[in-house]
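Asker: Below are the sequence and a predicted model; questions follow.
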Amino acid sequence: MSVSRRRILSLSLAASAAAHAPWGLAQSNKSLRLLVGFPPGGGTDAIARVLADKLKDELGEPVIVDNRPGAGGQIAAQLLRTSPADGSTLFVTHDHTISILPQVVKKPGFDPDRDFVAVGGFANFVNCFAVSAATPAKNFGDYLSWVREQGHGKSAVGIPAPASTPEFLVQLLARRYQLDLLAAPYRGSAPMIADMLGHQIPAGIGSVQDFLENHRAGKLRVLAVLGGARQAALPDVPTFAELGLKGFEDLPYYGIYAPSGTPAAFIARFSRALEKVVAMRDVRAQLTAMGINVEYLSPAQLAARERAYTQVWKKIIRESGFQPQ
């Protein structure tokens, strides 16, 4: 056999092997990018980095976290929509960007049903209300009294993104307790917490994992949590339902999404890897310590969870009188 024929045969065999290899092996020289729509240092960023560290071993390829903060995850979601549907880019996000933001923004620049496909879910989480250590409030009743005494019923409450669960909670608290509470939006939880630590804003609402470290250090105080039960990480903190404020018992979720058209073989392979990773004892311990409840969801389960949560929020948004902006 001539050299040229041997070379042609070799190339043909290599191409055949690549075509029949599990998705990703033929692309082992590429990195898998996990988009995060919030700044470094926040809860979603920390969670994504825990997952990326383990996924790289399960997938046998580099996995990098790419922070694209802004507009409550909207910028990252728009980037996912325009990314190649080849398994090279995924989006780690929570309910706000997928289920809520498309209902409160007139032109979000993406449609989750049309532009994204669910890859897998890995946790649900709980939002909570916290105050700066500069306030004297030791419990939620103290906070209400402090607002009435210091600000004549008027005060600002930080929120990680506009038109989010925290903003609607601020509105509900204001109506329920007849206060003039102003929701102050930030570009993610990290800058909001920085202002709380610097005593620039007296209170804030965000996920438990956003506040937990500073709560334990005594730098902030978590006064109440949402959801139907107290959190293992904060056993002494009551739920809002216990305080008489109901309607926020349904828990938000975390999921991973790919651009529509991404090969089913890649989605199945990545979801299997995600299931293995979140079952690891050290990963579960790290995520639980951040204040989230680890729960693997298959692509179909995540899609169903998204649809159900979207309907819950459609009712809340409609009843609040909020108009898409």
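Answerer: Right, received. Where do you want to start? Since the structure is predicted, the reported quantities are computational estimates derived from the model, not experimental observations.

Asker: so where do the strands sit in the chain?
Answerer: Assigned by DSSP state E, the chain shows strands spanning 32-36, 63-67, 89-94, 116-125, 127-132, 154-159, 180-185, 203-207, 220-225, 253-259, 292-297.

Asker: Of these, which is nearest Thr310?
Answerer: Distance to Thr310, taken as C-beta to C-beta, is lowest for strand 253-259 among those, at 11.2 Å. Just so you know, the C-beta spots here come from the backbone N, C-alpha and C atoms, and that holds for glycine as well.

Asker: Identify all contacting residues around that closest one.
Answerer: Where contact means C-beta atoms under 8 Å, 6 or more residues apart in numbering, the residues beyond strand 253-259 that reach it are 34, 44, 47, 80-81, 83-85, 87, 89-95, 98, 112, 115-125, 266-267, 270, 274, 292, 297, 302, 305-306, 309.

Asker: what would the strands of the chain look like in CSV with mean pLDDT, distance to Val278 and mean neighbour count?
Answerer: Rendered in CSV, the data for those read as follows (pLDDT from 0 to 100; distance: least, C-beta to C-beta, whole Å; neighbours: other C-beta atoms under 10 Å):
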stretch, mean pLDDT, distance to Val278, mean neighbour count
strand 32-36, 98, 14, 21
strand 63-67, 98, 15, 17
strand 89-94, 97, 13, 26
strand 116-125, 96, 5, 24
strand 127-132, 96, 21, 25
strand 154-159, 96, 28, 21
strand 180-185, 96, 31, 17
strand 203-207, 95, 18, 27
strand 220-225, 97, 22, 23
strand 253-259, 97, 10, 25
strand 292-297, 93, 5, 20
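
Asker: how about those strands in TSV, adding distance to Leu55?
Answerer: Rendered in TSV, the data for those read as follows (distance: least, C-beta to C-beta, whole Å):
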stretch	distance to Leu55
strand 32-36	8
strand 63-67	5
strand 89-94	10
strand 116-125	11
strand 127-132	26
strand 154-159	30
strand 180-185	32
strand 203-207	22
strand 220-225	29
strand 253-259	10
strand 292-297	13
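
Asker: Those strands: which one's closest to Gln323?
Answerer: Taking C-beta to C-beta as the criterion, Gln323 comes closest to strand 180-185 out of the strands of the chain, the separation being 15.3 Å.

Asker: Next, the angle from that closest one to strand 203-207.
Answerer: An angle of 50 degrees separates the directions of strand 180-185 and strand 203-207 when computed by axes from the mean of the first three to the mean of the last three C-alpha atoms, to 10 degrees.

Asker: Touching strand 180-185 from outside, list them.
Answerer: Strand 180-185 is contacted from outside by 147, 153-162, 166-167, 170-171, 173-174, 201, using C-beta under 8 Å, 6+ apart.

Asker: That strand pairs with which strands, parallel or anti?
Answerer: The strands that strand 180-185 pairs with in its sheet are strand 154-159 (parallel) (by DSSP bridges).

Asker: And the lowest mean pLDDT element among the helices and strands of the protein?
Answerer: Confidence across the helices and strands of the chain bottoms out at helix 3-20, with a mean of 41, counting by mean pLDDT, DSSP states H and E.

Asker: Is it correct that Pro166 is in contact with Asn127?
Answerer: Yes - assessed by C-beta atoms under 8 Å, Pro166 is found in contact with Asn127 at 6.4 Å.

Asker: who touches both of those two?
Answerer: Any residue near both Pro166 and Asn127 by C-beta under 8 Å, 6+ apart counts here, and that gives Ile205, Gly206.

Asker: how deep is Ser298 tucked in, by neighbour count?
Answerer: Other residues near Ser298 come to 17 when the count uses other C-beta atoms under 10 Å.

Asker: Hmm, I typed the wrong one, I wanted Glu249.
Answerer: Under the neighbour criterion other C-beta under 10 Å, Glu249 is assigned a count of 13.

Asker: quick one, what contacts it?
Answerer: For Glu249, the contacting residues are Leu226, Gly227, Gly228, Ala241, taking C-beta under 8 Å, 6+ apart as the criterion.

Asker: didn't Val147 look like it was pressed against Gln178?
Answerer: No - the pair Val147 and Gln178 fails to qualify as a contact (C-beta under 8 Å) at a distance of 10.7 Å.
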